[in-house]
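1. next comes the sequence, and after it the predicted model I'd like to discuss.
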Amino acid sequence: MAPSVPISGPYRQIVLHDGTTAPFYVVPFDQDGRCTGPVTLGELLKNLRKAELEPDTHYSDIFLFSHGWNTPWPRAVEAYETFIKGFASLHADLPDPPGRTYRPLLVGVFWPSAVLVDPDESPPKIAGDGAGVAPESDELVGVEEATKTEIARQLRPEARARFYEMAQKPGLSGTEAQEFSSFLAPLWFEDGTKDDLNLDAGRITETELMSIWKNLPNSDRDEGDQFGFARGGFGFGSTGGASSGGNGEPSGMLPPIPDPQAAGLIEFLNPRELIRTTSVWMMKDRAGRVGADGVHGLLSDILAKTSARVHLIGHSFGGKLVLSALCAGELPRAVESVLLLQPAISYLCFSPEVPGTGRPGGYFRALSVDRCRQPILSTFSARDFPLTKIFHLAVRRASDLGDIEIAAGPPGRYAALGGYGPAPGAGVVVVPAKDTGELYDLNGNSRVIGVESSRVIGGHSDVSNKWTWWMLLNQVRAEV
């Protein structure tokens, strides 16, 4: 069983560089954005109110983190702590200017981003082709089996047996693929009114879903950091992709990630690809819903109860979550900063007008100084396999296929912000990731700073290192 959330105080106390401690709360939400730890939330807000009244206990900075997809509780907590401690270590090496007060409080959001019902259970071993399953593959097998179960629970009861039968086949013929698409098509819609591009939500037809399926790369053949199914794939600073050493240095030169083989409709379509991609779509939708319907309220309460600077940090779909929380409704005041680490959202989400729509991007309002005082920092890397090769195929409308085929540069309007950087425009600048000591210009006219990070981020989850800690330290110390 997953651990219960402490109700009498913070989840942990994090030791800082000067020997003091910072309270670290973990606030959980369910898939609909309801807080499942209301007493914990109450304790957090009580702590903030009390600290605000006492000069010696007043918090200077509050950090609100969100993990990405497929991150169970133990990994979320471990990843938050890894990032926090790495940041604290860098902070210790670069002390604050005299007279500057720094007393942080840390809040990690936990949302049900993983389909594994109980992340502490060992994944099941199932029969394969007679050769067995390698031990290192057990976790991936467990995730895929749990994904099938999660999806099947949302199908019509009479369709489940047929779905399971077809899901285990190595490939489906045209007729079978059409039937399989008819099972999953009803699950492909935005559970809300808008998506990252501020477009009206709508259901997808089985024919449209077939066209998406035919264009997916086959991750059974592809190498690299798969979209959520690599070990640690969509965590916050987890072990997917390139890893970093204890000092935040890359662990070595990484081989270039190969381009995926085009799947196409050769003879058969692999049902596992559509299952995986359906899960990606569902979790993208969930991240937005939890952010807008749940974390927005948490953020609003934090801003109302304290005068501390509030910093939002989100990885992958966690970037969508924190932006949805920031943009969902009115807030008492602006947050101080937003740091997006390999965000799995459209590169046009901040655009004043999305081409062909007459509407601004879904998160354009996040750029207002009334929402965020500093320009938003957002990393992107050409070495992020999921966000450069798969994302735009998995989380777009079928009608955008033509854009993908003819596009020069980012592959269509659903190209990932974390793969290609922000779309050019007024207030948008792109800079290379800076080494420690080189300052980011947070006082200019920019509102979005895309940080080209291919040199320092070698995979989708390689986001906890001295370069990303330095980005956050710049934001903490900025005087905007």
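-> Thanks, I have the structure now. Since we're looking at a predicted model, the values are computed, not measured. Numbering: from 1, shown residues only.
2. can you pull out the helices in the stretch 351-480 of the chain?
-> 385, 391-394, 401-406, 417-420, 466-477 (DSSP state H, counting those that start in this stretch).
3. just put those helices in CSV and tack on distance to residue 197.
-> Quick note: C-beta positions are derived from backbone N, CA and C, even for glycine. Below are the helices of the stretch 351-480 of the chain laid out as CSV (distance: least, CB to CB, whole Å):
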stretch, distance to residue 197
helix 385, 23
helix 391-394, 12
helix 401-406, 12
helix 417-420, 12
helix 466-477, 26
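4. reformat those as CSV; add mean neighbour count, mean pLDDT and distance to residue 28.
-> Shown next, in CSV, are the helices of the stretch 351-480 of the chain (neighbours: other CB atoms under 10 Å; pLDDT from 0 to 100; distance: least, CB to CB, whole Å):
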stretch, mean neighbour count, mean pLDDT, distance to residue 28
helix 385, 28, 91, 30
helix 391-394, 26, 80, 27
helix 401-406, 14, 46, 37
helix 417-420, 28, 96, 25
helix 466-477, 22, 97, 24
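5. residue 431: which of those is closest?
-> helix 466-477 (10.7 Å; CB to CB).
6. now that closest one - C-alpha only, CSV.
-> This file holds the C-alpha atoms of helix 466-477, laid out as CSV (Å, rounded to 0.1, in the frame of the first residue of the first chain):
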residue,chain,number,x,y,z
LYS,A,466,23.3,21.9,-11.8
TRP,A,467,22.0,23.8,-14.9
THR,A,468,18.4,23.5,-13.9
TRP,A,469,19.1,24.3,-10.3
TRP,A,470,21.0,27.4,-11.5
MET,A,471,17.9,28.4,-13.5
LEU,A,472,15.8,28.3,-10.4
LEU,A,473,18.4,30.1,-8.3
ASN,A,474,18.3,33.0,-10.9
GLN,A,475,14.5,33.2,-10.4
VAL,A,476,14.8,33.2,-6.6
ARG,A,477,17.3,36.0,-6.6
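7. packing partners of it?
-> When contacts are defined as 3 or more CB pairs under 8 Å, 6 or more residues apart in numbering; DSSP states H and E, helix 466-477 sits against helix 73-93, strand 309-315, strand 337-341, strand 376-380.
8. do that again at 6 Å, thanks
-> Contacts defined by 3 or more CB pairs under 6 Å, 6 or more residues apart in numbering; DSSP states H and E place helix 466-477 against helix 73-93, strand 337-341.
9. neighbouring contacts of the last one?
-> Right, the one you point to is strand 337-341. Strand 337-341 is contacted from outside by 311-315, 319, 372, 374, 376-379, 463, 471-472, 475, using CB atoms under 6 Å, 6 or more residues apart in numbering.
10. helix or strand for residue 27, which one?
-> strand 21-28 (DSSP states H and E).
11. what pairs with that strand, parallel or antiparallel?
-> Neighbouring strands of strand 21-28 in its sheet, by DSSP bridges, are strand 12-15 (antiparallel), strand 104-110 (parallel).
12. what residues are up against residue 30?
-> residue 36 are the contacts of residue 30 under CB under 6 Å, 6+ apart.
13. tell me where the stretch 51-200 of the chain has helices.
-> Under DSSP H, counting those that start in this stretch, the stretch 51-200 of the chain gives helices at 73-93, 138-152, 160-167, 174-184.
14. tilt between the third one and helix 174-184?
-> Angular relation of helix 160-167 and helix 174-184 on a 0 to 180 degree scale: 130 degrees, by axes from the mean of the first three to the mean of the last three CA atoms, to 10 degrees.
15. mind checking which helix or strand of the protein has the lowest mean pLDDT?
-> The helix or strand of the chain with the poorest confidence is helix 401-406; it has a mean of 46 (mean pLDDT, DSSP states H and E).
16. kindly provide the distance from residue 75 to residue 81.
-> 11 Å (CB to CB, to the nearest Å).
17. hmm, I typed the wrong one, I wanted residue 420.
-> Residue 420 is 31 Å from residue 81, by CB to CB.
18. same check on residue 312?
-> From residue 312 across to residue 81, the span is 18 Å (CB to CB).
19. between the two, which one's more packed in?
-> Applying other CB atoms under 10 Å to residue 312 and residue 81 shows that residue 312 carries more neighbours, namely 29 against 17.
20. is that one in a bridge, and if so with what?
-> residue 64, residue 338.
21. all further residue positions should be reported with the first residue as 525.
-> Sure, I'll start counting at 525 from here, so that last one is residue 836.
22. quick one, what contacts it?
-> 588, 846, 859, 862.
23. isn't the third one right up against residue 834?
-> It stands for residue 859. Yes. Taking CB atoms under 6 Å as the definition, residue 859 is a contact partner of residue 834 at 4.5 Å.
24. I'd guessed residue 840 sits against residue 868; true?
-> Yes. With contacts counted by CB under 6 Å, residue 840 reaches residue 868, the gap being 4.6 Å.
25. these two: who's more crowded?
-> Between residue 840 and residue 868, counted using other CB under 10 Å, the more crowded position is residue 840 (38 against 33).
26. tell me how many other residues surround the closest residue to that one other than its chain neighbours.
-> Nearest residue to residue 840, sequence neighbours excluded (CB to CB, 6 or more residues apart in numbering): residue 592, at 2.9 Å. Neighbour count for residue 592, taken as other CB under 10 Å: 35.
27. residue 950 now?
-> The burial count for residue 950: 9, using other CB under 10 Å.
28. again with residue 682
-> Neighbours of residue 682 using other CB under 10 Å come to 7.
29. ok, residue 576 next?
-> Neighbourhood size, residue 576 [other CB under 10 Å]: 15.
30. and it, how close does it get to residue 589?
-> For residue 576, the distance to residue 589 (CB to CB) stands at 22 Å.
31. over to residue 834?
-> Residue 834 is 12 Å from residue 589, by CB to CB.
32. over to residue 912?
-> For residue 912, the distance to residue 589 equals 25 Å [CB to CB].
33. higher neighbour count, the two?
-> Taking neighbours as other CB under 10 Å, residue 912 and residue 589 compare with residue 589 leading, 27 against 23.
34. so how far is residue 919 from that one?
-> Here the distance between residue 589 and residue 919 works out to 23 Å (CB to CB).
35. swap in residue 1002?
-> For residue 1002, the distance to residue 919 equals 32 Å [CB to CB].
36. over to residue 860?
-> Residue 860 sits 30 Å away from residue 919, going by CB to CB.
37. compare those two and say which is more crowded by neighbours.
-> The residue with more neighbours, out of residue 860 and residue 919, is residue 919; 25 against 19, by other CB under 10 Å.
38. my read: that one touches residue 807, true?
-> No. Contact criterion CB under 6 Å: residue 919 and residue 807 do not qualify, at 9.8 Å.
39. tell me the contacts of residue 903?
-> Counting by CB under 6 Å, 6+ apart, residue 903 touches 865-866, 975, 977.
40. ok, now with 7 Å
-> Residue 903 makes contacts with 864-866, 942, 975, 977, 981, 992, as judged by CB atoms under 7 Å, 6 or more residues apart in numbering.
41. again with residue 972
-> Neighbour list for residue 972: 874, 891, 899-900, 902, 946, 951-952 [criterion: CB under 7 Å, 6+ apart].
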